[in-house]
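# next one to model:
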Amino acid sequence: MTGGFALRRVDKAYGDLVVLSGVTAEFAPARAHVLMGPSGAGKTTLLRLLMGLEEPDAGLVERPRDARLAATFQEDRLLDGLTATANIRAPHGRMRGAELAAFLARERAALASVGLPVDARPVRELSGGQRRRVSILRCALADADALFFDEPLKGMDDATVGRVMAFLLPEMEGRTVFWVTHDERELAWFPRAERWHVAGGTARR
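Next up, the predicted model:
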């Protein structure tokens with residue numbers, strides 16, 4: 001991926017609700033960006049604009065043309081009839097032979113590292129916290145150079161958060177990461193990240 005993501009005087013509103021107003025922001029490539037702010041301040045909207053899932057009412061959103069994106073949304077968005085491993089492999093197309101064997105080994109190690117079993121259950125039979133971890137692994141193991149996480153740790157206990165972050169931090173190294181949270185405790189995981197405050201229609205470092 002060449003270049004970074006940016007907003008140029010972006011406006012976004014839903015009816016009378018102004019979410020972003022004249023926002024200009026540049027996000028350095030190959031770095032983590034932690035977006036904080038109160039609920040309803042526009043953090044998710046900002047992510048969706050950067051991913052191209054929303055269009056601004058005014059202004060310009062810049063994205064690297066060759067960027068490969070992966071995301072963990074607030075909703076799990078899993079294929080309920082498939083296993084955890086099948087969900088994690090879904091973005092990878094049809095792997096065969098040695099490539100598939102290597103990915104399966106990597107996938108099994110990832111599942112074990114976050115405390116998930118490898119079994120034949122469809123994900124609809126997993127708990128909410130287990131489904132959340134499957135979503136995170138699908139994003140982190142995707143062949144993508146920009147990762148978007150929208151409150152990925154919400155509802156997890158401290159022990160599970162520790163296991164998930166121990167897995168995620170090496171996976172995020174060298175990639176452009178957008179991490180949305182309103183929990184200030186999560187900042188401790190990102191000592192070198194660029195921190196953004198989203199509130200009142202603005203996004204500022």
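# okay, buried residues for stretch 21-36 please.
For stretch 21-36, burial by neighbour count (16 or more other C-beta atoms under 10 Å) applies to S21, V23, A25, F27, P29, R31, A32, H33, V34, L35, M36. For every residue, glycine as well, the C-beta is placed using N, CA and C.
# which one of the residues you listed is nearest L47?
Sorting these by how near they are to L47, with C-beta to C-beta, puts L35 at the top with 7.5 Å.
# just checking, E75 is part of a helix?
No. Judged by DSSP: H, G, I helix; E, B strand; the rest coil, E75 forms no part of a helix; its state is coil.
# separation between it and G174?
To G174, E75 is 28 Å away according to C-beta to C-beta, to the nearest Å.
# cool, and R63?
Look at R63 and G174: by C-beta to C-beta, they are 19 Å apart.
# settle it for me: which of these two has more neighbours?
Taking neighbours as other C-beta atoms under 10 Å, R63 and G174 compare with R63 leading, 17 against 11.
# residues in contact with that one?
F5, L50, G52 (C-beta atoms under 8 Å, 6 or more residues apart in numbering).
# how near is the residue nearest to the first one when sequence neighbours are not counted to L116?
Spelled out, it's F5. Nearest non-adjacent residue to F5, counting by C-beta to C-beta, 6 or more residues apart in numbering: F27, 4.5 Å away. From F27 across to L116, the span is 31 Å (C-beta to C-beta).
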